[in-house]
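Participant: Would you be able to build a 3D model of this:
(one chain, ligands or ions: 3)
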Amino acid sequence: MPKRQPSPAPELLSALPPGIVAGFEAAIAEASAFIGATAPNPPVGCTLLDAQFRPLVSAAHERAGQPHAEANALTRAATAGLTDRIAHVVVTLEPCNHTGRTPPCTEAILASPARHVWIGARDPNPRVAGGGIERLRAAGREVHVLDRADGADAAGLAAACTELIAPFVHHARTGRPLVVAKVALDAQGSMIPPPGRRTFTSEDSLRLAHLLRRQSDAILTGIGTIEADAPEFTVRHLADHEDRRRILAIVSRSRDVPPAYRSAATARGFDVRRFTDPAQAIDAIGRAGALQLLVEAGPRLLAALREADLIDRLLTIRHDPDGEDAITFDHLHGS
Ligand SMILES: NC(=O)C1=CN([C@@H]2O[C@H](COP(=O)(O)OP(=O)(O)OC[C@H]3O[C@@H](n4cnc5c(N)ncnc54)[C@H](OP(=O)(O)O)[C@@H]3O)[C@@H](O)[C@H]2O)C=CC1
Ligand SMILES: Nc1c(N[C@@H]2O[C@H](COP(=O)(O)O)[C@@H](O)[C@H]2O)[nH]c(=O)[nH]c1=O
Ligand SMILES: [Zn+2]
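Facilitator: Ligands and ions are numbered 1, 2, ... in the order given. A predicted model of the protein is given here:
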């Protein structure tokens, strides 16, 4: 009997090439910069590598109607004279195989010298669902969809790529935006700021809150918060996307939005809408194509939303005047 060779550990057998891991990390970083800018499309990133797994270019999908990440990366490579060196396409989402606002990315990839396509997450869009992968395989390209079986790196990257499209997947399934509520609590557990203030959390916490605003397509609040604070709801503690307009939905059964507040908020880039029912507000925001809705409401509307089970994710910031604020992020629904 031939002597059995010792078999390597399974994770070594299937581990991703380090260049592919780095390619995914760059693609995820590119896509992350455009979270909140692409609705109703998801954010997507793409890296092109040469045959030795060296990075050539990375790019993202920046806005609906503009080129997809793969097309942007291929154009960037062409501009830099790198097209002939392309061997691997690394992309956070399955390439599209249909003509939507832009031509199919599968055809753009097939027109390039790439032989290998590495995909972070499958597209749940019924017009794509598996079609992009099939088209590329049918044309003889080697397509690799990240899988837990590829080892710990791949599992982490797949999770990050899936998280990038979480609001898009939620919207595709329900027609509603992913509802993320942010709650700031002081050391006594109260949401009410001290007199003369609108916020009380730390600079780091405010940056996180403004990052959530940047990543959201709409904000939902109650008339009580408008009357108490006249909040700006702008992204100021970090840079916002260029020329970004968002829906500002204000819920009240009894009061109109004060005209001066409405016109100032419109001038700040908001499409101000009043609703008498929070569930109807969420549905209307979904119909407008918003993928993520940030709730920045006071205790009364927040309680109503929780009671009606309308919150998907809850960010709680507990202010600590003597140290770092404590942050928790709970997924109340889904993954
Ligand atoms: N710490 C934090 O994270 C935050 C704190 N705040 C603070 O909260 C305070 C304001 O609190 P609050 O008055 O509770 O503000 P809200 O933003 O919760 O607004 C309350 C109003 O929302 C409307 N509303 C609530 N539930 C419903 C429902 N089910 N259907 C329709 N309308 C509804 C009601 O208007 P109507 O009566 O007309 O129906 C209600 O009076 C401010 O001091 C502000 O600074 C605000 C946001 C975040
Ligand atoms: N108090 C509180 C928050 N509250 C929310 O922020 C609004 C003020 O936003 P702006 O006018 O843009 O500065 C306020 O009306 C309420 O909606 N947010 C936080 O991150 N931390 C805080 O301590
Ligand atoms: Zn595409």
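
Participant: Any figure for the gap between Q66 and ligand 2?
Facilitator: Look at Q66 and ligand 2: by CB to the nearest ligand atom, to the nearest Å, they are 29 Å apart. Just so you know, the C-beta spots here come from the backbone N, C-alpha and C atoms, and that holds for glycine as well.

Participant: ditto for H144
Facilitator: H144 is 41 Å from ligand 2, by CB to the nearest ligand atom.

Participant: Is that residue bridged to anything, and to what?
Facilitator: W118 (DSSP bridges).

Participant: That one reaches H116, doesn't it?
Facilitator: Yes: at 6.9 Å, H144 and H116 qualify as touching, with contact defined as CB atoms under 8 Å.

Participant: ok, how many other residues are close to D243?
Facilitator: 8 (other CB atoms under 10 Å).

Participant: Tell me the residues of the stretch 201-335 of the chain that contact ligand 1?
Facilitator: 221-225, 228-229, 251-255, 276-278, 296-301, 304 (CB under 6 Å from any ligand atom).

Participant: which of those are buried?
Facilitator: 221-225, 229, 251-252, 278, 296-298, 301, 304 (16 or more other CB atoms under 10 Å).

Participant: Let's have those in JSON lines, adding pLDDT and secondary structure.
Facilitator: Listed next are these as JSON lines, based on pLDDT from 0 to 100; DSSP: H, G, I helix; E, B strand; the rest coil:
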{"residue": "T221", "pLDDT": "99", "secondary structure": "strand"}
{"residue": "G222", "pLDDT": "99", "secondary structure": "strand"}
{"residue": "I223", "pLDDT": "98", "secondary structure": "helix"}
{"residue": "G224", "pLDDT": "98", "secondary structure": "helix"}
{"residue": "T225", "pLDDT": "98", "secondary structure": "helix"}
{"residue": "D229", "pLDDT": "98", "secondary structure": "helix"}
{"residue": "V251", "pLDDT": "98", "secondary structure": "strand"}
{"residue": "S252", "pLDDT": "98", "secondary structure": "coil"}
{"residue": "P278", "pLDDT": "98", "secondary structure": "helix"}
{"residue": "E296", "pLDDT": "98", "secondary structure": "coil"}
{"residue": "A297", "pLDDT": "98", "secondary structure": "coil"}
{"residue": "G298", "pLDDT": "98", "secondary structure": "coil"}
{"residue": "L301", "pLDDT": "98", "secondary structure": "helix"}
{"residue": "A304", "pLDDT": "98", "secondary structure": "helix"}
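
Participant: Nearest to L185 among these?
Facilitator: In terms of CB to CB, no member of those lies closer to L185 than G298, at 12.4 Å.

Participant: Could you measure from that closest one over to A308?
Facilitator: Per CB to CB, to the nearest Å, G298 is found 16 Å from A308.

Participant: now do G323
Facilitator: Relative to A308, G323 is positioned 35 Å away (CB to CB).

Participant: The two: which has the busier surroundings?
Facilitator: The neighbour comparison of G323 against A308 (other CB under 10 Å) goes to A308, with 12 against 8.

Participant: okay, the more buried one: pLDDT?
Facilitator: A308 is assigned 98 on the pLDDT scale.

Participant: who's in contact with it?
Facilitator: Neighbour list for A308: P278, A279 [criterion: CB atoms under 8 Å, 6 or more residues apart in numbering].

Participant: Format the CA atom coordinates belonging to the lengthiest strand in the chain as PDB.
Facilitator: Longest strand of the chain, by residue count under DSSP state E: strand 178-185. C-alpha atoms of strand 178-185 as PDB (Å, rounded to 0.1, in the frame of the first residue of the first chain):
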ATOM      1  CA  LEU A 178     -33.600  49.600   6.800                       C
ATOM      2  CA  VAL A 179     -34.600  51.500   9.900                       C
ATOM      3  CA  VAL A 180     -31.700  52.400  12.100                       C
ATOM      4  CA  ALA A 181     -32.500  54.300  15.300                       C
ATOM      5  CA  LYS A 182     -29.900  56.300  17.200                       C
ATOM      6  CA  VAL A 183     -30.500  57.000  20.800                       C
ATOM      7  CA  ALA A 184     -28.200  59.100  23.000                       C
ATOM      8  CA  LEU A 185     -28.500  58.700  26.800                       C
END
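
Participant: Do any residues in it lie close to ligand 1?
Facilitator: Yes: using CB under 6 Å from any ligand atom, strand 178-185 reaches ligand 1 at V183, A184.

Participant: Would you reformat the buried ones among the residues of the stretch 201-335 of the chain next to ligand 1 as JSON lines and include distance to V169?
Facilitator: Formatted as JSON lines, those follow (distance: CB to CB, whole Å):
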{"residue": "T221", "distance to V169": "26"}
{"residue": "G222", "distance to V169": "28"}
{"residue": "I223", "distance to V169": "32"}
{"residue": "G224", "distance to V169": "33"}
{"residue": "T225", "distance to V169": "30"}
{"residue": "D229", "distance to V169": "33"}
{"residue": "V251", "distance to V169": "26"}
{"residue": "S252", "distance to V169": "32"}
{"residue": "P278", "distance to V169": "23"}
{"residue": "E296", "distance to V169": "24"}
{"residue": "A297", "distance to V169": "25"}
{"residue": "G298", "distance to V169": "30"}
{"residue": "L301", "distance to V169": "26"}
{"residue": "A304", "distance to V169": "26"}
